[in-house]
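> Next comes the sequence, and after it the predicted model I'd like to discuss.
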Amino acid sequence: MQSETLRTVARLVVGLFLFSVGITCTVVPALGLAPWDSFHMGLSGRIGITIGQASIAVGVVLLIIVAFFREPLGIGTILNVWLIGFLMDVFLQNELFPYHPSLLYRFFLFFMGMVIIAVASWLYIGAGYGAGPRDGLMLTVMRRTGWPVSVTRILIEGSAALFGFLLGGSLGIGTILIFLLLGPILGIWFRMVDFDANAIDHKTFQFKPKKK
């Protein structure tokens, strides 16, 4: 039992680390921020904090929202709020992923980022310690509407992009690519590994909604 717990905790931490890597890979090429990161950038410019700190602040607000809708919350949810924003700041401030002017390199890094995000989502959600606030929002919408992950993610990313634009966040071709492709990439990867995010029995801090 202890070894199983260690494996799931390791899966959670690796998943969150890779999620930070994936997001950073979409920021560095400067093709236009991902919808959520555009929102974080706009918010950071408005209130004078880093993008990572804005990510944490938005995560806390979303955490309250998904808790209201009885989405299972666990240690993975809390780590998601703090660790991803923290690692993003570390990666970006220390330039661990260097920028290169080659357009081919930039698009390659960008698409790799989306693939890494899909793999990371499978890893950390599958650990069963609670989804992050943004993915928790996705799961809440999926559970209440019956929409597939691809459609749900497109709608959520589109809303984040709109708010980011209104706050002055950077938009570009990359924003559109993530808006259109991240949901389908998640759907393809989840089908490839036969993963149903809503079927995970999370170890949580609170009451779990009854499955219909």
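Received it, and whenever you're ready, just let me know what you need.
> Give me the residue ranges of this protein where confidence is low.
For the chain, the stretches with pLDDT under 70 are 1, 204-212.
> Just list what the longest helix anywhere in it packs against, helices and strands only.
Scanning the chain for the longest helix, with DSSP state H as the assignment, gives helix 2-27. Helix 2-27 sits against helix 35-47, helix 75-93, helix 103-126, with contacts defined as 3 or more Cβ pairs under 8 Å, 6 or more residues apart in numbering; DSSP states H and E. Where C-beta positions appear, they are placed from N, C-alpha and C, glycine not excepted.
> residues in contact with the closest residue to F39 other than its chain neighbours?
In space, and not counting its chain neighbours, F39 is closest to G164: 3.8 Å by Cβ to Cβ, 6 or more residues apart in numbering. Residues near G164 by Cβ atoms under 8 Å, 6 or more residues apart in numbering: L33, P35, W36, D37, S38, F39, H40, M41, G42, L171, T175.
> And A127, by the same measure?
Residues near A127 by Cβ under 8 Å, 6+ apart: T8, V9, R11, L12, G15, G76.
> Find the nearest non-adjacent residue to it, please.
In space, and not counting its chain neighbours, A127 is closest to L12: 3.8 Å by Cβ to Cβ, 6+ apart.
> same check, this time on I56
G85 (4.0 Å).
> Tell me how far that neighbour lies from S55.
In this view, G85 and S55 are 4 Å apart by Cβ to Cβ, to the nearest Å.
> Counting neighbours around each, name which of these two comes out higher.
S55 (28 against 23; other Cβ atoms under 10 Å).
> Could you verify my assumption that the more buried one touches F86?
No. Shown here, S55 and F86 do not form a contact pair, counting by Cβ atoms under 8 Å, at 9.1 Å.
> and the strand or helix carrying the residue nearest to F39, how far out from the chain's middle?
Secondary structure from DSSP states H and E places G164 in helix 149-166. Its chain's average C-alpha position is 12 Å from that of helix 149-166, according to Cα atoms, centre = their mean, to the nearest Å.
> buried stuff in that helix?
Within helix 149-166, the residues that count as buried by 16 or more other Cβ atoms under 10 Å are V149, S150, T152, R153, I154, I156, E157, A160, A161, F163, G164, F165.
> what separates the longest helix of the chain from the chain centre, distance-wise?
Helix 2-27 sits 12 Å away from the centroid of its parent chain (Cα atoms, centre = their mean).
> what's the angle between that helix and helix 35-47?
In terms of direction (axes from the mean of the first three to the mean of the last three Cα atoms, to 10 degrees), helix 2-27 departs from helix 35-47 by 70 degrees.
> Which residues belonging to helix 2-27 are considered buried?
Buried residues in helix 2-27, counted by 16+ other Cβ under 10 Å: 8, 11-13, 15-27.
> for stretch 62-73, same thing?
Buried positions in stretch 62-73, judged by neighbour count with 16+ other Cβ under 10 Å: L62, L63, V66, A67, E71, P72, L73.
> Stretch 113-131 too?
Neighbour-count burial for stretch 113-131, with 16+ other Cβ under 10 Å as criterion, is recorded at 113-114, 116-131.
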